[in-house]
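Participant: test case, fold it:
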Amino acid sequence: MADHFEKLPPELITQIFVDLDCNSILAARRCGSESLYLVSKTRPVWVCAIKKHILTHPWMPGPEECLDAYTDLELEQWLVSRTRAESGWSSGARHQLREVPRSTLIYGHKVLLVPGGRWLLAGPAEGTVIVYDLEASEAKTKDLITGLDPTLDCCRAAIHIDKSSPGLKFNVALALWCLAAPPGSSVLSIWNVMLSGHGLDAELTAQELGSFTIPLQPDMIALDDRHIAQTTGNQIRISRWTESPSAHVMIGIIQNPGAPRWICFLPGARVLSFSILGITVYRIPPTTGHTTTVDRPTHLWMDGYCDRRYYAMSPIFVSGGDVGFTVRTAGGVKAIIIPASSVQPLRFSDLGILCHPGLMLGIGC
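Facilitator: The predicted structure follows:
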């Protein structure tokens, strides 16, 4: 069969290859045809394969840089590595563990894996948040955020990825307070983080966007491009942080009797609360000022999945208004897809069995 392809012009073979996925391209390369081999190494084939992969895998982050920044070989290596990782995860095979030093991590410190899996944020320790490059041959570290108050040693953190940026760019919010001090206010610090450089030489840089005092020590926080949500007890407080670099504007206080265990923002000015009572979606009002509730809550019950053994970890994709996030269970990890329409039921799918409990640190924890 390979001999037949030798008679075809390269342009026609390329048109065939652009409809193939990664595994099919690699399989065709091994057919023994020189024409197939040469076309399988060309840039248009891998650009189309990556774009198709992004469309069919909305829960997986795309490349950190625009595709034009990659060489032909780098495009192929990126997609092959992601395809093999997905295959290894779904097959239940034992995963290779990457260990990083934990000398700076004590109770109250936060570990955040940036979507994509390369960058791990940890801290603060003595006023500094460090970043690990997990794709380096040896895990490299760098001081990413410095100048924080070293007495504020407890932290809650959240990340919001800027999907409109051609390269990796995100905001990170840190709610900081002193663990040894009596309960009281905390400092909310928001930073913009960008990727600079290319490939293994790339690094992250951070710039502070704002710092505010908030009258509570939140159990957890969530961040989007304009809002920040903080939970304490049965309340969810929603503020707009983009008004001023030194002040935030309270726009809503949600009374949630289920004691939220996890929150995140959804498209369409909504916030999701995951609690022992189920999933509740609230609409954020457009006007500023104090309110006692947020407009029109929509309850989405989990049909037995809302159990204390289940814990929502991180949103993993947004596609067509639907939102998916991971939930840890006693037997592995599940994905819950929340439809854009409240009249549609939730959907569940298995993501695999964890081979090591420590991996949960990396799933948006």
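Participant: run through the stretch 51-200 of the chain and note the low-pLDDT ranges.
Facilitator: Low-confidence segments of the stretch 51-200 of the chain (pLDDT under 70): 59, 87-109, 139, 180-182.
Participant: show me where the stretch 201-350 of the chain has strands.
Facilitator: Chain-ordered strands for the stretch 201-350 of the chain, with DSSP state E, counting those that start in this stretch as the definition, fall at 203-214, 220-223, 227-232, 235-244, 247-255, 262-266, 270-275, 278-283, 298-300, 311-319, 322-329, 332-338, 347-352.
Participant: how about residue 167, what does it touch?
Facilitator: Counting by C-beta atoms under 8 Å, 6 or more residues apart in numbering, residue 167 makes contact with 64-66, 69, 194-195. Glycine gets a C-beta too; all of them are placed from N, C-alpha and C.
Participant: with distance to residue 85, mean pLDDT and mean neighbour count added, can I get the strands of the stretch 201-350 of the chain in CSV?
Facilitator: Below are those laid out as CSV (distance: least, C-beta to C-beta, whole Å; pLDDT from 0 to 100; neighbours: other C-beta atoms under 10 Å):
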stretch, distance to residue 85, mean pLDDT, mean neighbour count
strand 203-214, 21, 92, 16
strand 220-223, 27, 90, 22
strand 227-232, 31, 90, 23
strand 235-244, 34, 84, 18
strand 247-255, 38, 78, 17
strand 262-266, 24, 83, 23
strand 270-275, 27, 81, 23
strand 278-283, 29, 77, 20
strand 298-300, 31, 55, 15
strand 311-319, 14, 58, 17
strand 322-329, 16, 67, 20
strand 332-338, 15, 68, 18
strand 347-352, 11, 61, 14
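Participant: and those strands: which comes nearest residue 26?
Facilitator: Across those, residue 26 has its closest neighbour in strand 347-352 (22.8 Å, C-beta to C-beta).
Participant: for the strands of the stretch 201-350 of the chain, give me CSV that also has distance to residue 114.
Facilitator: Output for those, formatted as CSV (distance: least, C-beta to C-beta, whole Å):
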stretch, distance to residue 114
strand 203-214, 8
strand 220-223, 13
strand 227-232, 18
strand 235-244, 20
strand 247-255, 24
strand 262-266, 16
strand 270-275, 21
strand 278-283, 25
strand 298-300, 28
strand 311-319, 11
strand 322-329, 15
strand 332-338, 19
strand 347-352, 19
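Participant: tell me which of those sits nearest to residue 158.
Facilitator: The stretch from the strands of the stretch 201-350 of the chain with the least distance to residue 158 (C-beta to C-beta) is strand 220-223; that distance is 4.2 Å.
Participant: can you list contacts of the closest one?
Facilitator: Taking C-beta under 8 Å, 6+ apart as the criterion, the residues outside strand 220-223 that touch it are 156-160, 171-173, 175, 188, 190, 228-231, 260-265, 271.
Participant: equivalent analysis for stretch 70-78, please.
Facilitator: Contacts of stretch 70-78 with the rest of the structure, by C-beta under 8 Å, 6+ apart, involve 41-43, 46-47, 50, 63, 67, 199.
Participant: in it, what counts as buried?
Facilitator: In terms of neighbour count (16 or more other C-beta atoms under 10 Å), stretch 70-78 has its buried residues at 70, 74-76, 78.
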